[in-house]
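# Structure for the following, please:
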Amino acid sequence: MKKLFITFLLLQLSLAATAQFAFELIFGEPQTGEGIAHTLEHQGHYYAMGGKATSAEINYGTKQIYKISYDGQIIGQSYDPKPDSSYSIGFGLSKPNGNILCFGTLGHEPYPTRARYTYVCEISPDLELVWEKMDSILEPHPHARHRLKNMLLTPDNVVILQGVVDTVQYGSNEFIFFAKYDLEGNRLDYESFNNYKDKNQGSLMLNADSSGFFLFGQLTIEPSVRSWIEFDFAFNYLGSGVLETNFGPYWAPVTVSWLSNGNFITTNKFSVPGTEDKGLEMRLYSSDKQLLKSTVVYHDRKIRIPEKRGMGFTDENNIWVATFEDIPPDFAGAENIRFFVFDNEINLKGSMTHGGDIRYWLWDLLATNDTACIVGGFVGENPGITNKYDNYLMKVRLDDVVTGINKQERKSGTSVEVWPVPAGETLHVKSSIDSELLVLNAEGKLFSTHTIKQGYNLITLTGLSPGLYLIAITQNENIIETLKIIKQ
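Below is the predicted model of the structure:
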C-alpha cells in the first residue's frame, strides 16, 4: 500500500482553560478516492469514518476509521480491505461498554458495487476490531441493492436504519426500507415499501411520546408528495403529510431535531423556481407540526447543507448549521464554507465564512462537547482533472462565529447593515427592505450587482481585488444608501 499522504493545517486559535481548538485536515493517498461520512465524539477523541478505494487501480472500497485528538492530530487509523468485496462505514455510535458500533454496506463479486449486505462491526477505542457481521437484505430481486441514509437510536437502545432499495439494473427506483438491530449487530426486523419513495437525504426523529418515529425528506407515497411519514417501531404506517411553510418549497437535504420545550426545528436549503431566491432556511414548529417561525439566509449561489447531518447542538441556545456550494469537487474552482449559529427561537446569532481555495462536499456536521463544530466530507485531489478525492475535516470554535465576527466593524445605513469590515471573500448583509446592492470601485466602476432580500443575505466577493469599494443600495434604479468597505 502506498504511503499515506497527509496535508495538515492546524489553526490553534485558543489555549484557554477550555482547551478549544480549531483545525482543518485534508488527508489521503494520492490518486485514491476516499471520504468521511460520519464523525463521532467518544472518550475524549473524535472518530471519523467512511470509505476509501483499496488502490489507485482498483476502485473497490474498504472501510476507514480515524482516531483524532481534540487539537486535530491523527493518532490512529484503521483500514480492512476484503477480497472480492467493496464496503464502507456510514454511521457510528458509542456503546455502553465503551466501544463503538458501526454500520455500513457491502457488496461481493461479481457485483461488488451492488451492496446487498448491511455491514455491522464493533471496534474498541483503539480501533481494534471486536467483531463484524454481514447481513443480507431481504429482497429477492436479482438486481437489488441498498443505500443507508439515516440512523436512529430508540429509548430501548435499538438501532433503526433507514435507506433506499433499488431493484433496476441501471438507474434507481429509491423505495424506502427500514431495518432494526440490537447493539450486538443482530437484525431484529426488516421492512421495505415499494410505493414509498425517498428522493434525497432526510432525517429520522422520534415522535413526541417516543412510541414511534418520523421520516422527513423529499418523500412520496405514490402518487402523493410528502415531507413526513410516521411509523411505529414495528414499521407500521401511522400517517403522513406535508409540513406547513410560508416560504418556498420544501427541499432536501433536511435535518430535524426536537427542542426541550416541545417544539422542533428543521434546516434545509431552499430555491424558489422562477426567482433568484435561494439559500438556507430554518423553521420552528410546534409538536403538532404548526409552523411558528421561519428564518432564511439568502445566498447568491445555490448551496447545500451537509448531506447526512446538516445541523447539530449540545446547547439549544447555540445551534450549528453549515452550508457549501452545490458543485461537486470534480469541477475546477474554489468555494466557501459558511457556518451559522442560531438560538432556540431560530434567531441568527452569528456567522462566519471559511474562504477556501478548493471545492468541498460535506456529509456530516458534529456539534462537539466543547461548544465547537466539525464538518466532514471530501475534496478533489485535482479538481477538474480527476475524480479522485481526499478526506476533509474542519473544526470551528463557537467564539469565532458568535463573537468574533460580530466584534468586527460594521457599516450601517438606514435600512442595511454590512459586515465584516474589512471584508474577506463574503459580505454579510442584513436588510430591512428588498433592494439591489451594487459593488463599485473608488472611481465608480461597477463590478457586480446583487439582489438583496429583507433579512439576512450573503454576498460573494471572490475575485474582487483588495482595496476600497463603494456599496450602493438601490430601489427602482434609484440609489437610496451608500457605504464604503475595504476588501482584504
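
# rest of the way, CA atoms for contacts and neighbours
Will do.

# where does this structure have low pLDDT?
Scanning the chain for pLDDT under 70 picks out 1-20, 247-250, 383-386, 403-410, 414.

# can you map out the helices along it?
Ranges of helices within the chain are 399-402, based on DSSP state H.

# In contact with the spatially most central residue of it, which residues?
Nearest to the mean C-alpha position of the chain, by Cα atoms, centre = their mean, lies P306 at 1.4 Å. Counting by Cα atoms under 8 Å, 6 or more residues apart in numbering, P306 touches 253, 322-324, 361-365, 375.

# what does M282 give?
Residues near M282 by Cα under 8 Å, 6+ apart: 265-268, 294-296, 346.

# any idea which of those is the one closest to V242?
Among the contacts of M282, T266 lies closest to V242 (Cα to Cα), at 13.3 Å.

# close enough to count as contact, that closest one and R283?
Yes. Contact criterion Cα atoms under 8 Å: T266 and R283 qualify, at 5.2 Å.

# Now for those two: what residues contact both?
Common neighbours of T266 and R283, counting by Cα under 8 Å, 6+ apart, are absent.

# quick one on the thing from earlier: for ChimeraX, write the select line for the buried members of the contacts of M282.
Here is the ChimeraX command that selects the buried residues among the contacts of M282 (16 or more other Cα atoms under 10 Å):
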select :265,266,267,268,294,295,296,346
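
# Let me have the contacts of M282 in CSV, extended by distance to T462.
Converted to CSV, these look like this (distance: Cα to Cα, whole Å):
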residue, distance to T462
I265, 32
T266, 30
T267, 26
N268, 24
S294, 29
T295, 26
V296, 22
I346, 29
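
# H141: neighbour count?
By other Cα atoms under 10 Å, the residues close to H141 number 11.

# which residues touch it?
By Cα under 8 Å, 6+ apart, H141 lies in contact with T167.

# Pull up the gap between it and G104, please.
Distance of H141 to G104, computed by Cα to Cα, to the nearest Å: 21 Å.

# Now the terminal residues of stretch 54-62, how far apart.
End-to-end distance (Cα to Cα), stretch 54-62: 6 Å.

# Next, the buried residues of it.
54-55, 60-62.

# Of those, which pair is most distant in space?
Within the buried residues of stretch 54-62, S55 and T62 form the most distant pair, 9.8 Å apart (Cα to Cα).

# what's the spacing between P96 and V120?
Using Cα to Cα, P96 is found at 17 Å from V120.

# Neighbour count for those two, which is higher?
For P96 and V120, the more surrounded residue by other Cα under 10 Å is V120, and the numbers stand at 24 against 9.

# The residue nearest to that one when sequence neighbours are not counted and F324, how far apart?
Excluding its sequence neighbours, the residue lying closest to V120 (Cα to Cα, 6 or more residues apart in numbering) is F103, at 4.7 Å. According to Cα to Cα, F103 and F324 sit 26 Å apart.

# Where is the longest strand in this structure?
The strand spanning the most residues in the chain, taking DSSP state E as the definition, is strand 187-198.

# buried set for it?
187, 190-192, 194, 196-198.

# could you pull out the strands for the stretch 1-150 of the chain?
Counting by DSSP state E, counting those that start in this stretch, the stretch 1-150 of the chain has these strands, from start to end: 5-11, 22-28, 34-42, 45-53, 61-68, 74-79, 85-94, 100-108, 117-123, 129-136, 145-153.

# and the angle for the fifth one with strand 85-94?
What it means is strand 61-68. Angle between the axes of strand 61-68 and strand 85-94 is 30 degrees (criterion: axes from the mean of the first three to the mean of the last three Cα atoms, to 10 degrees).

# Now do the same contact list for E109.
With contact taken as Cα under 8 Å, 6+ apart, E109 is in contact with 84-85.

# How about P329?
Listed by Cα under 8 Å, 6+ apart, the contact set of P329 reads 358-361, 378-380, 383-384, 387, 389.

# got JSON lines for those residues, with neighbour count too?
Compiled in JSON lines, the contacts of P329 are given as follows (neighbours: other Cα atoms under 10 Å):
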{"residue": "I358", "neighbour count": "17"}
{"residue": "R359", "neighbour count": "24"}
{"residue": "Y360", "neighbour count": "26"}
{"residue": "W361", "neighbour count": "27"}
{"residue": "F378", "neighbour count": "26"}
{"residue": "V379", "neighbour count": "27"}
{"residue": "G380", "neighbour count": "27"}
{"residue": "P383", "neighbour count": "19"}
{"residue": "G384", "neighbour count": "13"}
{"residue": "N387", "neighbour count": "17"}
{"residue": "Y389", "neighbour count": "28"}
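
# Reformat those residues as TSV; add distance to P420.
Listed next are those as TSV, based on distance: Cα to Cα, whole Å:
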residue	distance to P420
I358	22
R359	23
Y360	24
W361	26
F378	28
V379	27
G380	30
P383	30
G384	32
N387	35
Y389	33
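
# what's the closest non-adjacent residue to E230?
Nearest to E230 is F214, by Cα to Cα, 6+ apart, at 4.4 Å.

# Please apply the same query to E41.
Excluding its sequence neighbours, the residue lying closest to E41 (Cα to Cα, 6+ apart) is Y47, at 6.3 Å.

# Quick check: beta-bridge partners of the residue nearest to G444 when sequence neighbours are not counted?
Spatial nearest neighbour of G444, excluding adjacent residues (Cα to Cα, 6+ apart): L470 at 7.7 Å. Using DSSP bridges, the bridge partners assigned to L470 are L440, K484.

# burial count for the closest residue to T105 other than its chain neighbours?
Sequence neighbours aside, T118 is the residue nearest to T105 in space, at 4.6 Å (criterion: Cα to Cα, 6+ apart). Number of residues near T118 (other Cα under 10 Å) recorded here: 25.
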